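# this is the structure alone, sequence omitted:
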């Protein structure tokens with residue numbers, strides 16, 4: 001009887017031993033992928049994450065679940081992403097807010113944008129629009145500056161990301177106006193209060209602003225980048241509109257927790273780059289005011305390392321005090 005039992009145990013062990021390598025070698029992805037997004041639904045990062053996520057799901061036959069974690073300028077989401085298992089099944093679709101600007105805005109970050117993440121793929125560049133409520137009664141950047149100077153400390157600007165905030169602080173610093181900063185969890189919440197008249201102006205992503213601009217509820221006075229947007233060609237840059245030298249552009253990209261296997265990173269990068277050049281994806285990005293930005297993990301890593309000191313300089317010149 002003992003010999004029979006021993007034989008059964010050996011057989012069971014042999015089956016498990018043979019099955020384990022087969023399971024370990026399952027091609028990636030073998031289960032659903034979670035995508036952490038640091039901003040709320042409807043924001044530019046969220047829209048692009050869902051667009052790319054849907055295409056990944058179609059290509060690989062695995063569900064891609066979007067997990068929005070807005071608040072604290074992306075710190076909540078970035079911390080959660082950094083602490084996630086480094087197996088390729090948790091990705092971080094984010095922006096320059098968490099990976100470039102936050103180190104200079106929050107000196108005690110609970111994550112490191114370089115050492116806690118591995119770069120996967122850049123996705124797009126994104127400029128913010130300067131928008132005001134139509135009820136404010138201004139139709140140009142110069143008129144807004146005049147109104148703010150006539151009412152020091154009376155106007156307030158919303159921000160729902162570090163790009164949004166730094167755009168506003170730069171505008172304040174470069175024009176010499178006194179306007180009050182009001183922070184929100186994400187840009188869509190700031191736009192809601194702008195529409196309600198609780199704040200008077202805001203720099204926000206084109207994805208969030210465009211529907212309200214087209215509906216006539218918000219007035220776009222300028223765009224923060226050095227060039228005009230193809231979807232709003234009649235809207236001048238802020239520099240053209242009266243603030244010479246004004247130029248600030250953000251970007252969106254994909255990261256994974258540090259330690260994620262390079263083979264997984266490479267597969268993700270290849271597929272995301274393929275998705276970004278699909279005509280329907282490229283066209284949708286352009287229609288929302290975003291410019292597709294394909295590239296390698298190494299190129300994204302270099303971008304982050306170059307952008308951190310750049311944002312530190314911009315934040316210092318704008319006179320923003322770390323929180």
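Thanks, I have the structure now. Just so we're clear, the structure is a prediction, and the values are computed from it rather than from any experiment. Numbering: from 1, shown residues only.

# just list whatever residues bridge to residue 156.
residue 180 (DSSP bridges).

# where does the prediction get shaky in the protein?
Within the chain, the stretches with pLDDT under 70 are 1-25.

# strands of that one, start to end?
33-37, 64-68, 90-95, 117-133, 156-159, 180-183, 201-205, 218-223, 249-257, 290-292 (DSSP state E).

# deepest-packed of those strands, please.
Mean neighbour counts were taken over those using mean count of other Cβ atoms under 10 Å, and the top value, a mean of 30, falls to strand 201-205. Yep, even glycine has a C-beta here, placed from its N, CA and C like the rest.

# counting by contacts, list what it packs against.
When contacts are defined as 3 or more Cβ pairs under 8 Å, 6 or more residues apart in numbering; DSSP states H and E, strand 201-205 packs onto strand 117-133, strand 156-159, helix 162-175, helix 187-196.

# which residues sit against that strand?
43-44, 126, 128-132, 136, 144, 155-161, 163-164, 167-168, 171, 179, 187, 190-191, 194, 224, 289 (Cβ atoms under 8 Å, 6 or more residues apart in numbering).

# what lines up beside that strand in the sheet?
strand 117-133 (antiparallel), strand 156-159 (parallel).

# related to what we said a few turns ago, could the strands of the chain be laid out in TSV, adding distance to residue 279?
Shown next, in TSV, are these (distance: least, Cβ to Cβ, whole Å):
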stretch	distance to residue 279
strand 33-37	23
strand 64-68	21
strand 90-95	22
strand 117-133	16
strand 156-159	34
strand 180-183	38
strand 201-205	23
strand 218-223	25
strand 249-257	20
strand 290-292	11
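
# and those strands: which comes nearest residue 322?
strand 180-183 (13.9 Å; Cβ to Cβ).

# now tell me what touches the closest one from outside.
73, 153, 155-160, 165, 168-169, 190, 193, 198-199.

# what of stretch 240-247?
Contacts with stretch 240-247, where a contact means Cβ under 8 Å, 6+ apart, come from 140-142, 145, 170-171, 174-175, 221-222, 224-226, 228, 237-239.

# same check on stretch 76-89?
Stretch 76-89 is contacted by residues 28-29, 31-34, 36-38, 69-70, 90-92, 94, 98-99, 102, 109-113, 116-118, 255-261, 264-265, 268 when judged by Cβ under 8 Å, 6+ apart.

# could you rerun that using 7 Å?
By Cβ atoms under 7 Å, 6 or more residues apart in numbering, the surrounding residues in contact with stretch 76-89 are 28-29, 31, 33-34, 36-38, 69, 90, 92, 94, 98, 110-111, 116-117, 256-261, 264.

# same thing with stretch 221-232?
Against stretch 221-232 from outside (Cβ under 7 Å, 6+ apart): 127-130, 132, 140-141, 144, 167, 203, 206, 210, 220, 235-239, 241, 246-249, 286-287, 289.

# now the contacts of strand 180-183: which count as buried?
The neighbour-count test (16 or more other Cβ atoms under 10 Å) marks 73, 155-160, 165, 168-169, 190, 193, 199 as buried among the contacts of strand 180-183.

# what's the farthest-apart pair in those?
Counting by Cβ to Cβ, the most remote pair of those is 73 and 155, 22.2 Å apart.

# got a list of what residue 206 touches?
Contacts of residue 206 by Cβ under 7 Å, 6+ apart are 129, 229, 231, 288-289.

# let's go with 8 Å and repeat that
Shown in contact with residue 206 (Cβ under 8 Å, 6+ apart): 44, 126-129, 223, 229, 231-232, 288-290.

# adding distance to residue 311, write those residues out as CSV.
Shown next, in CSV, are those (distance: Cβ to Cβ, whole Å):
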residue, distance to residue 311
44, 18
126, 15
127, 15
128, 14
129, 20
223, 19
229, 22
231, 26
232, 25
288, 24
289, 21
290, 20
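
# re earlier: drop anything exposed from the contacts of stretch 240-247.
141, 145, 170-171, 174-175, 221-222, 224-225, 228, 237-239.

# burial measure for residue 195, as a count.
A count of neighbours around residue 195, defined by other Cβ atoms under 10 Å, yields 17.

# does it touch residue 215 like I think?
No. Using Cβ atoms under 8 Å, residue 195 is not in contact with residue 215, being 10.0 Å away.

# how is this structure divided into domains?
Domain assignment of the chain by automatic domain parsing yields the ranges 33-125+250-317, 127-232.

# and of those domains, who's closest to residue 323?
The minimum distance between residue 323 and the domains of the chain falls on domain 33-125+250-317, with 5.6 Å, by Cβ to Cβ.
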